[in-house]
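1. mind looking at a prediction? Sequence and model below.
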Amino acid sequence: MSFGAHEDLQLLALLLAFGTLLVLSTATSVPVPILLVIGGLALGFMPGLPHLELPPDIVLVAILPPLLYWTAYATSLRDLRVNIRPISLLAIGLVIATTVGVGVAAHAWIDDLSWAAAFTLGAIVSPTDPLAATDVARRLGVPRRIVAVIEGESLVNDGTALVLYKLAVVAAATGTFSLTEAGVRLVWNVVGGVGVGLAVAYGVRIVRRHVDNPPVEVTIALLSGYLAFLPANAIGASGVLAAVTVGVYMGWYTPELTSSRSRLAGHGFWEILIYLVNALLFALLGLQLRNIVDGLSGSSWATLLGDAALVSAVVIGIRLVWVPIFTYLPRLMFERVRSRDPSPPWRYPAVIAWTGIRGAVSLAAALALPTDFPQRQLIVFLTFSVVLVTLVGQGLTLPALIRMLRIEPDDRAEREDAKARVKAAEAAVARLEALAAEEWVREDTAERLRGLYGFRSDRFRARLDDGDDGMIEERSTQYQRLRRELLDAERSAVVALRNAGMIDDEVMTRVFRDLDLEDLRLDV
């Protein structure tokens with residue numbers, strides 16, 4: 001079906017607005033998700049633009065699996081292990097507490113909202129979205145453990161929340177609720193989801209071991225989330241946990257399965273895909289409110305805003321109370337916990353308590369409710385309100401909170417980076433000495449490489465030395481500056497050859513790729 005001229009202009013206006021928001025996000029300190037939601041919200045009420053409706057399956061089935069896969073893939077398994085207790089308390093305990101708290105408050109406050117519908121609302125708004133929070137945290141250099149807890153929580157709490165969501169929807173449809181059945185279903189969702197994820201991950205690992213083609217490998221990686229999510233959903237298990245499991249598994253084993261070409265191609269592909277999908281998703285979230293409001297024409301704005309304020313306050317308040325209590329209570333009660341993991345500064349749980357930002361998963365779950373579900377439009381509106389309040393309100397104030405608490409950046413990542421590079425240089429020198437006697441290794445080449453790796457080792461050892469005078473780093477910086485000047489000269493010469501018609505674009509692209517890889521080796 002072809003678009004008419006009017007529809008073409010509407011689409012052009014949306015694309016221009018979307019592109020403008022992306023450009024603005026690079027020029028401001030506002031996290032991209034917040035700017036896009038606000039922009040989408042403003043666009044949604046502009047006259048002349050079409051009503052856009054986001055099909056829930058687009059998020060739950062089409063978009064969520066690759067997002068979960070890549071987030072899990074990029075997550076440190078060590079950080080998950082180290083922080084398993086706080087992550088579990090947030091991703092399971094806090095999700096249940098939020099579901100119950102919102103359910104009780106909404107049922108008591110909102111007229112004609114049944115228990116099942118109220119608990120459904122609670123389950124929908126209980127999972128967090130880490131995008132805006134981690135964007136701010138990384139930019140301001142907060143300690144890695146805070147970021148690890150926020151990311152780990154978001155990986156698991158989607159699965160917990162969607163299990164509770166399914167139970168509440170079934171209870172609303174049947175009018176009955178069995179605690180035993182709910183417990184069995186919860187266990188099956190976790191065990192089945194992780195089991196499917198491990199089975200799929202093992203199969204993908206076997207296949208990728210025999211593939212050496214970057215486009216094929218990247219495509220298999222893209223499909224891996226779906227390959228776990230869909231069968232887990234089909235058997236009634238958690239597709240979210242399945243996609244997360246395959247992502248964590250492949251993140252651990254991928255380095256031994258891929259070549260440098262595949263890793264470079266994959267990293268570039270995922271960086272662009274995840275950014276674009278998230279940007280589009282949050283812009284579409286903002287555009288949804290117009291349709292949601294149109295479906296509530298029978299309610300007064302005062303009533304709707306009061307209901308939204310109550311639910312948002314309960315969601316935020318429960319987290320503010322839960323995080324400090326369950327940060328320090330286990331350490332006070334159990335000597336083993338206290339000795340293995342001393343109490344963090346109070347500023348750490350304060351930041352984590354303020355990062356309960358909700359996002360696309362919550363709204364998608366609300367939109368996925370059956371059309372005849374009781375108070376469906378109200379639940380969708382309240383869900384959007386919670387997303388808007390937490391994303392904009394908490395997201396915009398998080399930088400000020402971090403600065404006010406004077407949370408100092410940690411240098412753990414930089415020190416571990418230096419350790420890894422020193423160890424890599426030492427391994428290269430050891431291998432060089434083992435090969436030095438070979439006929440094909442020239443003495444002058446070996447000597448040059450000894451100097452290269454010796455300087456590299458000294459340079460990164462200096463980063464681990466708190467008393468270093470900085471001379472080695474200064475020499476390295478000057479060398480890299482000179483090297484980049486020479487690389488720019490090479491690029492200019494290649495472009496001049498292309499412009500003069502002496503080489504074609506394919507040759508220029510191939511030479512540029514090699515020069516760019518050399519440029520990336522410089523870390524200043």
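-> Perfect, thanks for sending it. Numbering: from 1, shown residues only.
2. mind checking what helix or strand follows the helix or strand where Gly122 lies in sequence?
-> If you go by DSSP states H and E, Gly122 is part of helix 115-124. Next in sequence after helix 115-124, counting helices and strands by DSSP H and E, comes helix 131-139.
3. roughly how far out does that following helix sit from the chain middle?
-> Put simply, helix 131-139 sits 10 Å off its chain's centre (CA atoms, centre = their mean, to the nearest Å).
4. residues in contact with that helix?
-> Helix 131-139 is contacted from outside by 29, 31-34, 146-147, 150-151, 278, 282, 351, 355, 357, 359, 391, 394-395, 398-399, 402, using CB atoms under 8 Å, 6 or more residues apart in numbering. Heads up, the C-betas are built off the backbone N, CA and C, glycines and all.
5. what about Asp372, distance to Leu382?
-> 18 Å (CB to CB, to the nearest Å).
6. neighbour count winner among those two?
-> Leu382 (27 against 7; other CB atoms under 10 Å).
7. roughly how far apart are Pro342 and Tyr328?
-> Distance from Pro342 to Tyr328, by CB to CB: 11 Å.
8. between these two, which has more neighbouring residues?
-> Counting neighbours by other CB under 10 Å for Pro342 and for Tyr328 shows that Tyr328 has the greater number, 15 against 8.
9. so that one sits against Pro344, correct?
-> No. The pair Tyr328 and Pro344 does not pass the contact test of CB atoms under 8 Å, sitting 9.0 Å apart.
10. per-domain residue ranges of this protein.
-> As given by automatic domain parsing, the domain ranges for the chain are 5-410, 411-468, 480-524.
11. tell me the most buried of the ones you listed?
-> Highest mean neighbour count among the domains of the chain (mean count of other CB atoms under 10 Å): domain 5-410, with a mean of 19.
12. tell me the confidence at the residue of the chain most remote from its centre?
-> The outermost residue of the chain relative to its centre, with distances by CA atoms, centre = their mean, is Glu439 at 50.3 Å. What the model reports as pLDDT for Glu439 is 87.
13. got the phi/psi numbers for it?
-> phi -60, psi -30 (degrees, to the nearest 10).
14. quick one: it from Gly192, how far?
-> Glu439 is 59 Å from Gly192, by CB to CB.
15. again with Thr71
-> 21 Å.
16. what of Val30?
-> Counting by CB to CB, the gap from Val30 to Gly192 is 40 Å.
17. what is the longest helix along the chain packed up against?
-> In the chain, assigned by DSSP state H, the helix with the most residues is helix 260-294. Counting contacts by 3 or more CB pairs under 8 Å, 6 or more residues apart in numbering; DSSP states H and E, helix 260-294 packs against helix 5-27, helix 32-44, helix 64-73, helix 214-234, helix 360-367, helix 376-388.
18. can you pull the pLDDT of the residue nearest the centre of the chain?
-> Residue closest to the mean C-alpha point of the chain, counted by CA atoms, centre = their mean, is Thr71 at 4.8 Å. Per-residue pLDDT puts Thr71 at 84.
19. in this structure it contacts Glu151, no?
-> Yes. With contact defined as CB under 8 Å, Thr71 reaches Glu151; the gap is 7.1 Å.
20. still on that earlier bit, relative to helix 376-388, how tilted is the longest helix of the chain?
-> 130 degrees (axes from the mean of the first three to the mean of the last three CA atoms, to 10 degrees).
21. run the angle between the next helix or strand after helix 260-294 and helix 260-294 for me.
-> Once the chain leaves helix 260-294, the next helix or strand it forms, by DSSP H and E, is helix 301-333. Inter-element angle recorded for helix 301-333 and helix 260-294: 130 degrees (by the same axes, to 10 degrees).
22. now do helix 301-333: which elements does it pack against?
-> Short answer (3+ CB pairs under 8 Å, 6+ apart): helix 301-333 packs on helix 84-88, helix 95-109, helix 335-340, helix 347-353, helix 376-388.
23. and it, what's its mean pLDDT?
-> Rounded mean pLDDT across helix 301-333 is 94.
24. quick one: it to helix 115-124, angle?
-> Interaxial angle, helix 301-333 versus helix 115-124 (the same axes, to 10 degrees): 60 degrees.
25. just give me how far helix 301-333 sits from the chain centre.
-> The answer for helix 301-333 is 23 Å, by CA atoms, centre = their mean.
26. tilt between it and helix 360-367?
-> 130 degrees.
27. got the contact list for stretch 497-512?
-> Applying CB under 8 Å, 6+ apart, the external contacts of stretch 497-512 come out as Arg491, Val494, Val495.
28. what do you get if the cut-off is 6 Å, keeping everything else the same?
-> Val494 (CB atoms under 6 Å, 6 or more residues apart in numbering).
29. got the end-to-end distance for that stretch?
-> 13 Å (CA to CA, to the nearest Å).
30. same thing with stretch 432-439?
-> For stretch 432-439, the end-to-end distance is 13 Å (CA to CA).
31. for Asp341, grab phi and psi.
-> Per degrees, to the nearest 10, the backbone of Asp341 is at phi -140, psi 90.
32. dump the residue contacts of it.
-> Taking CB under 6 Å, 6+ apart as the definition, Asp341 has no contacts.
33. Ile352 now?
-> Val149, Val323 are the contacts of Ile352 under CB under 6 Å, 6+ apart.
34. ok, for Ser457, nearest residue in space, not its chain neighbours?
-> Leaving aside its chain neighbours, Ser457 sits nearest to Ala425 (4.1 Å; criterion: CB to CB, 6 or more residues apart in numbering).
35. thought that neighbour was touching Phe455?
-> No. Taking contacts as CB atoms under 6 Å, Ala425 lies outside contact range of Phe455: 9.1 Å.
36. any idea which helix or strand carries Ala430?
-> Going by DSSP H and E, Ala430 is part of helix 412-435.
37. centre of the chain to that helix, how far?
-> The answer for helix 412-435 is 30 Å, by CA atoms, centre = their mean.
38. on contacts alone, who are the packing partners of it?
-> helix 443-463 (3 or more CB pairs under 6 Å, 6 or more residues apart in numbering; DSSP states H and E).
39. the helix it packs on: how far from the chain's middle?
-> For helix 443-463 - counting by CA atoms, centre = their mean - the centre lies 37 Å from the chain centre.
40. I'd like the next helix or strand past it.
-> Defined by DSSP H and E, the subsequent element after helix 443-463 is helix 471-499.
41. ok and the following helix or strand past that following helix relative to helix 260-294, angle-wise?
-> Following helix 471-499 in sequence order, the next helix or strand is helix 505-520 (DSSP H and E). Helix 505-520 and helix 260-294 are oriented at 90 degrees to each other (the same axes, to 10 degrees).
42. between helix 505-520 and helix 471-499, what angle do the directions make?
-> Using the same axes, to 10 degrees, helix 505-520 lies at 170 degrees relative to helix 471-499.
43. avg pLDDT for helix 505-520?
-> Helix 505-520 comes out at a mean pLDDT of 86.
44. do stretch 342-356 as well
-> According to the model, stretch 342-356 has a mean pLDDT of 92.
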